[in-house]
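**Q** give the three-dimensional model of this entry:
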Amino acid sequence: MPANRLTSKLSALLPGHRAALVDINRVCSIIGIMFLVMTVFMFPPALTDAVAGAGDWRVFAGAAFVTGFAGLMLVMISRGQWSRQVSLKEGFVLTVTSWVVMCAVAAIPFVFFNGHIGPVDAWFEAVSGLTTTGSTVLTGLDRLPPGILLWRSIIQWVGGVGTVLMALIMLPFLRVGGMQLFQSESARRSDTFAPRATELMSLIAVTYTVLTVLCALAYRLGGMSTFDALNHAMTTVATSGFSTRDLSFGQFDAAAIQWTATGFMFASSLPLIVYVKAVRGRTLRSFGDEQVTGFAKIAGATILAMTLWYWWTWKVPFLDALRAVTFTTASILSTTGYDLGGHAMWGSGAAGVLLVLMFFGGCAGSTSGGMKTFRLQVMYKTARAYIGRLMSPNRVLVASFNGRQITPDTASSVLAYVIVMFASVLVFTLVLSLFDLGFVTSLTNAISAIGNIGPGPAAIIAAGSDYAHLPAGAKLVLTLAMLLGRLEFFTVLVLINRNFWR
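**A** I've put the predicted structure just below:
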């Protein structure tokens, strides 16, 4: 069926079909291109398994053939509509459908590889990977074929750069959760998004790749094998947390490796656009960004307080305490979820601090999840200005962020995001508790999934949490929470509102 006839038939089936909805051609074309990109990334795992003598290379070859064929068909029937402007409605539809479809593609190798895990577990692993959450249902990682381990790292790496591009290009355009603060002042304010961001996308991709290469080299010099260094570099820069080892970073006891991970987790929590500005302007002034300094203050205060507490309580060498606390703080604030093991260091008081940090996350425009630092700053500045006006009604107090006024629209957008986030945590905690998981486990798993944090913090606070043995229904609930958190809630909630389709 021709694409234009398909569009008209779909429009006729939906409410308000007399009004233009979305251009299916354009959406299909962009998704087709994403399919082709995923096809390319399936070849390295296939080659890795072939060299290692593992028969799973056939799984990746078959998945690449199916995905590539589907991508070519979508591009051909859409007649190259990807180059045209994207409307506001198409932006919402494209953002959600692209993530869901890409997760489905990423799940294919998990279903069919040697020791396959079934459709529900495959979907969970793929969603956790692409959303950079890092929770896993796979066990015995040390014995798995190298191709499937590499595939897990690749989809997290792809999901990481996809997260950055969505945060810097799509979310400001969609005005979701206060992200309009990061919309370029020179951008044309209309209901269409012109694809003029090609240069920005290229710069972000190059910066992301350079960080990954530097991280891999540092891991290799620290003592990791080449394979482990490459995989952990991809998941560190993506702040995602998949490891090639069952013990995660507890496997690597070298201080150099742990400090390398800590440094790159913090570096990846900063907006990638900051690095672009620093290189192009040949100045470090861009690191004075208000969001970056705010994130540094939160991280610094946490590390200082908890290091002193850990050193005084457990009587360990100060540098060992500093290394363990800094690593764990970086893992949680960046929402990476790496785990050092030895959870005896986290008593009930420290667990409370970690629980709060799980909400915060890194900076907007980075690969990290969570609430994002700028939203905390916007709420604080808005509340301070409001209190000032209460004390002096005649004073004109204007809250600003990075020199730009925080408009009522931005403040209400941030507040709405925070309300929906906390409400989602409560709802998902309630739903998970119906599977007899216990309140603490349900709560921490809900926070970890919605914040795209991963198993590290949840395991610290609720020891014994095991995603592999969760009921299938609980896994599906958690995948929904991961997608909602990564898509910033409103991109999904808008689509289920029937007024959107009128």
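**Q** check the secondary structure at Gly365 for me.
**A** State at Gly365, reduced to three classes by DSSP: H, G, I helix; E, B strand; the rest coil: coil.
**Q** now it. Nearest residue, chain neighbours left out?
**A** Once flanking residues are discounted, Gly365 sits nearest to Pro271: 3.2 Å by CB to CB, 6 or more residues apart in numbering. Heads up, the C-betas are built off the backbone N, CA and C, glycines and all.
**Q** now swap in Val127 and tell me
**A** Closest to Val127 by CB to CB, 6+ apart is Thr479, at 4.3 Å.
**Q** quick one: that neighbour and Ala167, what's the gap?
**A** 21 Å (CB to CB, to the nearest Å).
**Q** okay, those two: which has more neighbours?
**A** Under the criterion of other CB atoms under 10 Å, the comparison of Thr479 against Ala167 puts Ala167 first, with 25 against 22.
**Q** quick check: that one vs Gly365, distance?
**A** Per CB to CB, Ala167 is found 5 Å from Gly365.
**Q** ok, Ala104 next?
**A** Distance, Ala104 to Gly365, by CB to CB: 27 Å.
**Q** and the one helix or strand Ala385 maps to, how far out from the chain middle?
**A** Using DSSP states H and E, the element containing Ala385 is helix 373-391. Relative to the centre of its chain, helix 373-391 is centred 27 Å away, using CA atoms, centre = their mean, to the nearest Å.
**Q** identify each buried residue in it, please.
**A** Judged by neighbour count (16 or more other CB atoms under 10 Å), helix 373-391 contains these buried residues: 373-379, 381-382, 385.
**Q** which regions of the protein lie under the pLDDT threshold?
**A** Counting by pLDDT under 70, the chain has low-confidence residues at 1-22, 79-85, 115-116, 184-197, 282, 342-347, 456-466.
**Q** swap the cut-off to 50 and go again
**A** Residue ranges of the chain with pLDDT under 50: 1-20, 185-195, 344, 464.
**Q** ok, Arg220 - contacts?
**A** Contacts for Arg220 (CB atoms under 8 Å, 6 or more residues apart in numbering) come out as 226, 229.
**Q** what about the residue of the chain most remote from its centre, which SS state?
**A** Among residues of the chain, the one most distant from the C-alpha centroid is Asn394; the distance is 43.7 Å, by CA atoms, centre = their mean. State at Asn394, reduced to three classes by three-state DSSP: coil.
**Q** try Asn114
**A** With three-state DSSP as the criterion, Asn114 reads coil.
**Q** what do you get for Arg245?
**A** coil.
**Q** ok, back up a step: distance to Ala278 for the buried residues of helix 373-391 - can I get that in CSV?
**A** As requested, these are exported to CSV (distance: CB to CB, whole Å):
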residue, distance to Ala278
Thr373, 18
Phe374, 19
Arg375, 24
Leu376, 24
Gln377, 21
Val378, 24
Met379, 28
Lys381, 25
Thr382, 29
Ala385, 31
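**Q** quick check: the farthest pair among the residues you listed?
**A** Across these, the longest distance by CB to CB is 18.7 Å; it joins Thr373 and Ala385.
**Q** and the residue nearest to Gly365, what does it touch?
**A** Pro271 sits in contact with 168, 289, 291-292, 363-366, where contact means CB under 8 Å, 6+ apart.
**Q** out of these, who's the most crowded?
**A** Of all the contacts of Pro271, the highest neighbour tally under other CB under 10 Å goes to Ser366, namely 29 neighbours.
**Q** that one contacts Phe266, correct?
**A** No. Counting by CB atoms under 8 Å, Phe266 is not a contact partner of Ser366; they are 10.2 Å apart.
**Q** so which strand or helix has the nearest residue to Val75 once chain neighbours are set aside?
**A** Nearest in space to Val75, with sequence neighbours left out and distances taken as CB to CB, 6+ apart, is Gly32 at 4.0 Å. Using DSSP H and E, Gly32 sits within helix 24-41.
**Q** show me which parts of that helix are buried, residue by residue.
**A** Judged by neighbour count (16+ other CB under 10 Å), helix 24-41 contains these buried residues: 24-35, 38-39, 41.
**Q** after it, which helix or strand is next?
**A** Downstream of helix 24-41, the next assigned helix or strand under DSSP H and E is helix 43-52.
**Q** which strands and helices sit next to that next one?
**A** With contacts defined as 3 or more CB pairs under 8 Å, 6 or more residues apart in numbering; DSSP states H and E, helix 43-52 has these neighbours: helix 57-78, helix 146-165.
**Q** reformat the ones you listed as a markdown table; add mean neighbour count and distance to Leu304.
**A** Compiled in a markdown table, the helices and strands packed on helix 43-52 are given as follows (neighbours: other CB atoms under 10 Å; distance: least, CB to CB, whole Å):
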| stretch | mean neighbour count | distance to Leu304 |
| --- | --- | --- |
| helix 57-78 | 18 | 47 |
| helix 146-165 | 25 | 29 |
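**Q** hmm, back to that, which one among the contacts of Pro271 gets closest to Ala399?
**A** Gln291 (14.6 Å).
**Q** which residues does Thr326 contact?
**A** By CB under 8 Å, 6+ apart, Thr326 lies in contact with 262, 303, 307.
**Q** helix or strand for it, which one?
**A** Assigned by DSSP H and E, Thr326 falls within helix 318-333.
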